[in-house]
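Undergrad: compute the structure for the input listed below.
(chains A and B)
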Number of protein chains: 2
Amino acid sequence: MSECQAPDNFILRLMRGEALPHPIGETLGARILELDLAAGRLEMEFVGTDAFRNPAGGVQGGMLAAMLDDITASLATATATRDERCATLDLHTSFLRPATVGPIRASARVVRRGREIVNVTGELSQDGRTVATATATCMLVAARPKSSA
Amino acid sequence: MSECQAPDNFILRLMRGEALPHPIGETLGARILELDLAAGRLEMEFVGTDAFRNPAGGVQGGMLAAMLDDITASLATATATRDERCATLDLHTSFLRPATVGPIRASARVVRRGREIVNVTGELSQDGRTVATATATCMLVAARPKSSA
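TA: The predicted structure is shown next:
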């Protein structure tokens, strides 16, 4: 990742306790377990809650997609400089098995880190079995100051 | 939709007030506006909340995927008989514009209703502009009684 010589971004600040967690991270119970920038890998844990249940009683697939969006965007962001954020262009999720309420383990890997585009894959598992996978196309864009409106 | 001669399913019961909303539907602020089974179309509204915000301050893309999963699965389910439910195999979401906290309009359309597989497309818009689109591959499977565990 030679394009990424001095990363200092939201995820690194979050891990150092210098940034507050984002609301969706808290909603999904997101917790970073391990970031290996050299290998382009991120390990996280999420928590499926009762509020995420579908009519069949499991964790809705879309909420698994939200977890996969969070981990893939977090990994792309972790490779960014301070002035960049990740805008996900595309998320393709496959649902392999039903997921139940409780902890969900997540891992993500950078497939290609271009100058602007980061291709990332992600996987969720529960009790050692893969429940969903995703490929994400992320674009690193200049961070804009938040509107106060 | 000749395969679907006497639909009576969770979505139709929900619309008649004979079924309680599913938890994820309530979390996403889901509301059915119009179902046209003959045309294979469903119109809904969702609500993006502060809890869905990403680090950039908008509604996280994954939560848009959750809304698109809900509307596409709801439409597939609406074509099902009483003893079938929808298991989504695959959800491919494209993010076109940032979405902000507030109401989000949704529409979905059946592209093909096979015996088991229903191909559905979905779209979300805000202030008349498309923010995300998705294609979903849904499988109608025999409903299993919920575990009491």
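Undergrad: quick check: longest helix of chain A.
TA: helix A:61-78 (DSSP state H).
Undergrad: give the contact list for the residue nearest the centre of chain A.
TA: Geometric centre of chain A, nearest residue: A:Ile71, 1.3 Å, by C-alpha atoms, centre = their mean. Applying C-beta atoms under 8 Å, 6 or more residues apart in numbering or on different chains to A:Ile71 gives the contacts A:30, A:42, A:44, A:106-108, A:122. Every C-beta, even on glycine, is put in place using the N, C-alpha and C of the backbone.
Undergrad: mind checking how far it is from B:Ile104?
TA: 23 Å (C-beta to C-beta, to the nearest Å).
Undergrad: ok, A:Arg97 next?
TA: Separation of A:Arg97 from B:Ile104 (C-beta to C-beta): 29 Å.
Undergrad: between those two, tell me which one has more neighbours.
TA: Between A:Arg97 and B:Ile104, counted using other C-beta atoms under 10 Å in any protein chain shown, B:Ile104 has the larger neighbour count: 24 against 14.
Undergrad: in a strand, A:Thr135, correct?
TA: Yes - secondary structure of A:Thr135 (DSSP: H, G, I helix; E, B strand; the rest coil): part of a strand.
Undergrad: quick check: A:Ile117 touching A:Ala136?
TA: No - shown here, A:Ile117 and A:Ala136 do not form a contact pair, counting by C-beta atoms under 8 Å, at 10.6 Å.
Undergrad: between those two, which one's more packed in?
TA: Higher neighbour count among A:Ile117 and A:Ala136: A:Ala136, with 28 against 13, using other C-beta under 10 Å.
Undergrad: quick check: that one touching A:Thr93?
TA: No - A:Ala136 is not in contact with A:Thr93 according to C-beta under 8 Å; the separation is 9.2 Å.
Undergrad: list residues touching both of those two?
TA: A:Leu68.
Undergrad: could you check the angle the longest helix of chain A makes with helix B:61-78?
TA: 160 degrees (axes from the mean of the first three to the mean of the last three C-alpha atoms, to 10 degrees).
Undergrad: and A:Thr100, what does it touch?
TA: By C-beta under 8 Å, 6+ apart, the neighbours of A:Thr100 are A:48, A:58-59, A:126.
Undergrad: what's the most distant pair in those?
TA: Pairwise distances across those peak at 10.3 Å for A:Gly58 and A:Gln126 (criterion: C-beta to C-beta).
Undergrad: between these two, what contacts are shared?
TA: Each of A:99-100 lies in contact with both A:Gly58 and A:Gln126 under the rule C-beta under 8 Å, 6+ apart.
Undergrad: who in chain A is up against chain B?
TA: Taking C-beta under 8 Å from any C-beta of the partner chain as the measure of proximity, chain A contacts chain B at A:10, A:22-24, A:26-27, A:50-57, A:60-63, A:65-70, A:73, A:77, A:85, A:87-95, A:143-144, A:146-147.
Undergrad: report the buried members of these.
TA: Among those, those buried by neighbour count (16 or more other C-beta atoms under 10 Å in any protein chain shown) are A:10, A:22-24, A:27, A:51-57, A:60-63, A:65-70, A:73, A:77, A:85, A:87-88, A:91-95, A:143.
Undergrad: how about the contacts made by A:Leu35?
TA: A:11, A:15, A:41-43, A:75, A:78.
Undergrad: now do A:Ala76
TA: With C-beta under 8 Å, 6+ apart, A:Ala76 has these contacts: A:86, A:88, A:110, A:118, A:120, A:136, A:138, A:140.
Undergrad: contacts for the least confident helix or strand in chain A by mean pLDDT?
TA: Within chain A, no helix or strand scores below helix A:10-15, which has a mean of 92 by mean pLDDT, DSSP states H and E. Residues outside helix A:10-15 that contact it (C-beta under 8 Å, 6+ apart): A:19-22, A:32, A:35, A:74-75, A:77-78, A:85, B:55.
Undergrad: next secondary structure after that helix?
TA: helix A:23-27 (DSSP states H and E).
Undergrad: now do the helix or strand A:His92 falls within against helix B:61-78, angle only.
TA: Applying DSSP H and E as the criterion places A:His92 in strand A:84-95. Interaxial angle, strand A:84-95 versus helix B:61-78 (the same axes, to 10 degrees): 30 degrees.
Undergrad: neighbouring strands - and their directions - for strand A:84-95?
TA: strand A:129-142 (antiparallel), strand B:84-95 (antiparallel) (DSSP bridges).
Undergrad: let me have those strands in TSV, extended by mean pLDDT.
TA: Output for those, formatted as TSV (pLDDT from 0 to 100):
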stretch	mean pLDDT
strand A:129-142	96
strand B:84-95	96
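Undergrad: of those, which is nearest B:Thr130?
TA: The closest approach between B:Thr130 and any of the strands paired with strand A:84-95, judged by C-beta to C-beta, belongs to strand B:84-95 at 9.6 Å.
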